[in-house]
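Undergrad: With the input below, show me the fold.
(one chain, ligands or ions: 1)
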Amino acid sequence: MAQRLVRKVCKRCGQPYQPTEHEVKSLRLDGAPGDSASYRKGRGCTDCNKTGYRGRMGIFEISVIDDEVRKLIYEKVSATVLRTRARELGMRTLREDGTRKVVAGLTTPDEVIRATVMDID
Ligand SMILES: [Zn+2]
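TA: Predicted structure coming up:
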């Protein structure tokens with residue numbers, strides 16, 4: 001299981017925040033449920049040393065490779081089919097897990113993009 005650390009939005013100075021177009025595209029936030037999204041970003045205060053972040057949390061990759069997925073890989077089905085099926089089985093990439101935490105206002109798009117920039121989706 002892969003894991004990365006991202007900084008958490010400071011609880012004291014975290015403000016509602018609208019992601020930039022670049023962030024929306026990078027994390028595919030346009031597919032996220034708009035109503036329940038609560039993006040937050042810290043403005044910086046004495047609690048967080050003016051960084052806007054306080055503390056860290058992990059984002060995780062959850063992979064489920066079961067017999068069915070193994071068979072699909074063996075049969076060389078397209079990446080799209082494989083990905084769809086893996087998602088149905090509960091697989092999540094680092095970036096997807098990070099995006100959930102962004103939508104919940106726990107961390108920022110910036111942090112997740114930075115933490116997962118090396119991953120090929
Ligand atoms: Zn703060």
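
Undergrad: Tell me the pLDDT of the residue of the chain positioned farthest from its centre.
TA: Distance to the chain centre peaks in the chain at Glu75, reaching 29.9 Å (criterion: CA atoms, centre = their mean). pLDDT recorded at Glu75 is 87.

Undergrad: Likewise for Asp119?
TA: pLDDT, Asp119: 57.

Undergrad: how deep is the closest residue to Lys41 other than its chain neighbours tucked in, by neighbour count?
TA: Distance criterion CB to CB, 6 or more residues apart in numbering; nearest residue to Lys41, sequence neighbours excluded, is Tyr17 at 3.9 Å. To be clear about C-beta, it is placed using only N, CA and C from the backbone, and glycine gets the same treatment. Using other CB atoms under 10 Å, Tyr17 is surrounded by 19 other residues.

Undergrad: what are the phi and psi values for Tyr17?
TA: Taking degrees, to the nearest 10, you get phi -150, psi 140 for the backbone angles of Tyr17.

Undergrad: Now do the same contact list for Val77.
TA: Shown in contact with Val77 (CB atoms under 8 Å, 6 or more residues apart in numbering): no residues.

Undergrad: What distance do you get for it to Val69?
TA: Val77 sits 10 Å away from Val69, going by CB to CB, to the nearest Å.

Undergrad: cool, Lys50 as well?
TA: Relative to Val69, and taking CB to CB, Lys50 is found at 46 Å.

Undergrad: what about those two, which has more around it?
TA: In this view Lys50 and Val69 are compared by other CB under 10 Å, and Val69 has more residues nearby, 17 against 12.

Undergrad: Would you confirm that that one contacts Leu89?
TA: Yes. With contacts defined as CB atoms under 8 Å, Val69 counts as touching Leu89 at a distance of 6.9 Å.

Undergrad: ok, how many other residues are close to Leu29?
TA: Counted with other CB under 10 Å, Leu29 comes out at 18.

Undergrad: Apart from its chain neighbours, what residue comes closest to it?
TA: Setting aside the residues directly before and after it, Leu29 is nearest to Pro19 in space (CB to CB, 6+ apart), at 5.8 Å.
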